[in-house]
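Asker: have a look at this prediction, sequence included:
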Amino acid sequence: MRISTVREFRDEATGLLRSKDPVLVTRRGRLAGVFFPCPQETLPIELKREMFAMLSAEIAREIKKKGLSERAVLADFEKWRKERREARRRR
């Protein structure tokens, strides 16, 4: 198992994602995450469904915890997209 800081993981992501060894990612000396490479090229549909359900539930909890509505989230996203488009045009 390789140990990497968040910065190293970000900077060397392409190589680390191709690796066959798990990577323990740390932030300021504390565990931030673990990357386990997937030997298969695609994920089984059951795993995709389970991950979708877990992520959806987590996002819903965060939105509720912050007292946001779906409309507020979508409006914020549209504002961000518009600003990003305008910034690209200025370049």
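Answerer: That came through, no problem. Numbers count the residues shown, from 1 in each chain.
Asker: can you list the buried residues in the host helix or strand of R7?
Answerer: Using DSSP states H and E, R7 maps to helix 6-11. Neighbour counts over helix 6-11 (16 or more other C-beta atoms under 10 Å) mark F9 as buried. Just so you know, the C-beta spots here come from the backbone N, C-alpha and C atoms, and that holds for glycine as well.
Asker: with just CA atoms, put that helix into CSV.
Answerer: Coordinates of each C-alpha in helix 6-11 appear next as CSV, following Å, rounded to 0.1, in the frame of the first residue of the first chain:
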residue,chain,number,x,y,z
VAL,A,6,-3.7,14.9,-0.9
ARG,A,7,-1.4,17.2,-2.8
GLU,A,8,0.7,14.3,-4.1
PHE,A,9,-2.4,12.4,-5.0
ARG,A,10,-3.8,15.3,-6.9
ASP,A,11,-0.5,16.0,-8.7
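Asker: and the next helix or strand after that helix, what does it pack onto?
Answerer: Using DSSP H and E, the next helix or strand after helix 6-11 towards the C-terminus is helix 13-18. Applying 3 or more C-beta pairs under 8 Å, 6 or more residues apart in numbering; DSSP states H and E, one finds that helix 13-18 contacts no other helix or strand.
Asker: for helix 13-18, list the C-alpha coordinates in PDB.
Answerer: The C-alpha coordinates for helix 13-18 follow below in PDB (Å, rounded to 0.1, in the frame of the first residue of the first chain):
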ATOM      1  CA  ALA A  13      -3.400  11.200 -10.000                       C
ATOM      2  CA  THR A  14      -3.000   9.800 -13.500                       C
ATOM      3  CA  GLY A  15      -0.200   7.400 -12.400                       C
ATOM      4  CA  LEU A  16      -1.800   6.500  -9.100                       C
ATOM      5  CA  LEU A  17      -5.200   5.700 -10.700                       C
ATOM      6  CA  ARG A  18      -3.400   3.300 -13.100                       C
END
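Asker: any residues touching it, and which ones?
Answerer: Helix 13-18 is contacted from outside by R2, S4, F9, V23, F35, P37, using C-beta atoms under 8 Å, 6 or more residues apart in numbering.
Asker: what is the mean pLDDT for the helix or strand just after it?
Answerer: Later in the chain than helix 13-18, the nearest helix or strand by DSSP H and E is strand 23-27. Strand 23-27 shows a mean pLDDT of 92.
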